[in-house]
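*Asks:* take this sequence and fold it.
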Amino acid sequence: MSWNDERVELLKKMWGEGQSASQIAKELGGVTRNAVIGKVHRLGLSNRNGSGGASTASATGEAKAKATPETKAKAKPAAPKPAPKPSPKPEAETTPAPAPVSRIKAIIPAGQPLPPQPSANEIDPAALAKVSEVEKKAKRLTLMELTERTCKWPVGDPATPDFWFCGLPVQSGKPYCEAHVGVAFQPMSSRRDRKR
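*Replies:* Numbering: from 1, shown residues only. The predicted model follows:
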């Protein structure tokens, strides 16, 4: 769709009458509401806010040609009065706002020590015993051998050649096998009880 002179004139006429961009687009056909708004903006037509619609003369651009510095000066609103300055409050009443608490975990730069991890006494001893038995049967997969059906529990130090992943079949909906799920996902109540 191209904007020929006839379509532009119809747009200007309908815009000047206060028609909405949707109504104009429907009347013109083959054009969207946003295309009408864009064309109105490029033509520099009135935005119609508060005036209840621009006149046909201003919509066609005749008013722009007739505008003089005097008419532009008259249309300029009066300068607003400066707001009164608030009276200063006594120092005893002002209290500093508390610092916002961030819920985002800090990123630890490479080469920095990791924060303290949960110790073995915070983990259920039965789950730890089960893990040590399972790790004897583990498949000892590398990162490239992992799939969505293999346990992704890491074992050892990633910086050493002895590092591996469990690789046993995962528990449904979890990234780990049954034994490692028992260590990784503990009920909240049991964790609270051990901390006391």
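*Asks:* all the strands of the protein, residue numbers only.
*Replies:* Under the criterion DSSP state E, the chain contains strands at 154-155, 164-165.
*Asks:* turn those strands into JSON lines, including mean neighbour count and mean pLDDT.
*Replies:* Where C-beta positions appear, they are placed from N, C-alpha and C, glycine not excepted. JSON lines is the format used below for those (neighbours: other CB atoms under 10 Å; pLDDT from 0 to 100):
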{"stretch": "strand 154-155", "mean neighbour count": "14", "mean pLDDT": "89"}
{"stretch": "strand 164-165", "mean neighbour count": "20", "mean pLDDT": "91"}
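*Asks:* Serialize those to a markdown table and add fields for distance to V8.
*Replies:* Formatted as a markdown table, the strands of the chain follow (distance: least, CB to CB, whole Å):
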| stretch | distance to V8 |
| --- | --- |
| strand 154-155 | 67 |
| strand 164-165 | 67 |
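*Asks:* among those strands, which is nearest G30?
*Replies:* For G30, the closest of the strands of the chain is strand 164-165, at 59.6 Å, according to CB to CB.
*Asks:* outside of that closest one, which residues touch it?
*Replies:* Strand 164-165 is contacted from outside by 138, 140-143, 145-146, 150-156, using CB atoms under 8 Å, 6 or more residues apart in numbering.
*Asks:* the same query, at a cut-off of 10 Å, please.
*Replies:* With CB atoms under 10 Å, 6 or more residues apart in numbering as the test, strand 164-165 has contacts from 135, 138-143, 145-146, 150-156, 158, 176.
*Asks:* before we move on, what about stretch 26-35?
*Replies:* 1-3, 7-8, 10-11, 14, 19-25, 36, 38-39.
*Asks:* quick one, which of these are buried?
*Replies:* 7, 11, 14, 19, 21, 24-25, 36, 39 (16 or more other CB atoms under 10 Å).
*Asks:* so which residues of this structure form helices?
*Replies:* For the chain, the helices defined by DSSP state H occupy 5-16, 21-28, 33-43, 56-59, 62-66, 69-75, 125-137, 178-184, 188-195.
*Asks:* for this structure, which spans come out with low pLDDT?
*Replies:* Low-confidence segments of the chain, defined by pLDDT under 70: 1, 47-124, 186-196.
*Asks:* domain parsing for it?
*Replies:* Domain segmentation of the chain under automatic domain parsing yields 5-75, 120-195.
*Asks:* quick revisit: what's the closest of the strands of the chain to A184?
*Replies:* Nearest of the strands of the chain (CB to CB): strand 154-155, 11.2 Å.
*Asks:* that closest one packs against which elements?
*Replies:* Packing contacts for strand 154-155, counted by 3 or more CB pairs under 10 Å, 6 or more residues apart in numbering; DSSP states H and E, involve strand 164-165.
*Asks:* show me the contacts for K152.
*Replies:* Residues near K152 by CB under 10 Å, 6+ apart: 141, 143, 146, 165-167, 170, 174-177, 180.
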